[in-house]
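Fold the following for me, if possible:
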Amino acid sequence: MDITLDNIDLQILELMQNNARISNADLARELNMAASAVLERVKKLEQKKVILRYNAAISPQAVNQKLLAFIFIKSQEGFTCSTNTADALSALPEVQEVHHIAGEDCFLVKVRTEDSASLMALMRNSLKQIPGILSTKTTIVLETVKEQQQLVILKK
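Residues are numbered from 1 along each chain as shown. Sure, this is the predicted structure:
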């Protein structure tokens with residue numbers, strides 16, 4: 001899907017990425033535009049699925065999600081990596097990200113749990129129930145140096 005964005009769209013995205021709660025009036029002020037024109041552009045960015053959602057960044061420690069792990073998963077489908085497996089992985093509440101990957105494994109999954117016991121329970125009780133999973137390799141994160149969802153927005 002080719003989505004054409006001009007510099008004003010890119011500026012809106014950059015401002016909103018830095019502060020999703022920025023008001024329409026503040027956006028308009030920053031861009032020297034009428035509030036109605038900015039609102040129309042934001043609505044179009046939402047309709048085009050450029051802006052996917054608005055959410056708060058929450059400290060995992062504050063909600064007792066202290067353990068971060070990445071799980072490499074090999075499935076029996078091989079390179080085709082069934083969407084059924086991806087959907088089943090995505091449905092697990094502890095799973096934050098599911099990526100189809102190239103290489104020996106089919107998926108790279110990011111999970112957050114309370115501790116190693118809850119990670120083990122997730123693997124024994126949930127992952128084991130997903131048909132087609134042949135093997136897993138788990139990497140537990142000891143310390144996070146940088147983690148962000150913000151994208152680099154290059155202006156034209």
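
which residues of the protein fall in strands?
For the chain, strands defined by DSSP state E occupy the ranges 67-75, 95-100, 107-113, 133-140.

beta partners of the residue nearest the centre of the chain?
Closest residue to the average C-alpha location of the chain: residue 97 at 5.8 Å, with C-alpha atoms, centre = their mean. Beta-bridge partners recorded for residue 97 (DSSP bridges): residue 110.

what's the neighbour count on residue 91?
Residue neighbour count, defined by other C-beta atoms under 10 Å, stands at 11 for residue 91. (C-beta placed from N, C-alpha, C; glycine too.)

can you tell me how far it sits from residue 109?
12 Å (C-beta to C-beta, to the nearest Å).

Give me the below-cutoff pLDDT ranges for this protein.
1-2, 78-82 (pLDDT under 70).

quick check: domain ranges of it?
Split into domains by automatic domain parsing, the chain comes to 7-47, 62-140.

What is the burial count for residue 7?
Neighbours of residue 7 (other C-beta under 10 Å): 10.

Quick check: it touching residue 155?
Yes. Counting by C-beta atoms under 8 Å, residue 155 is a contact partner of residue 7 at 5.6 Å.

got a list of what the nearest residue to residue 35 once chain neighbours are set aside touches?
Nearest in space to residue 35, with sequence neighbours left out and distances taken as C-beta to C-beta, 6 or more residues apart in numbering, is residue 28 at 4.2 Å. Taking C-beta atoms under 8 Å, 6 or more residues apart in numbering, we find residue 28 in contact with 34-35, 37-38.

of the domains of the chain, which approaches residue 150 most closely?
Nearest of the domains of the chain to residue 150, taken as C-beta to C-beta: domain 7-47 at 5.3 Å.

now the closest one: how far from the chain's centre is it?
22 Å (C-alpha atoms, centre = their mean, to the nearest Å).

tell me how far the ends of it are from each other?
18 Å (C-alpha to C-alpha, to the nearest Å).

Stretch 71-89 too?
11 Å.

contact partners of that stretch?
By C-beta under 8 Å, 6+ apart, stretch 71-89 touches 95, 98, 100-101, 104-109, 111, 123, 127, 130-139.
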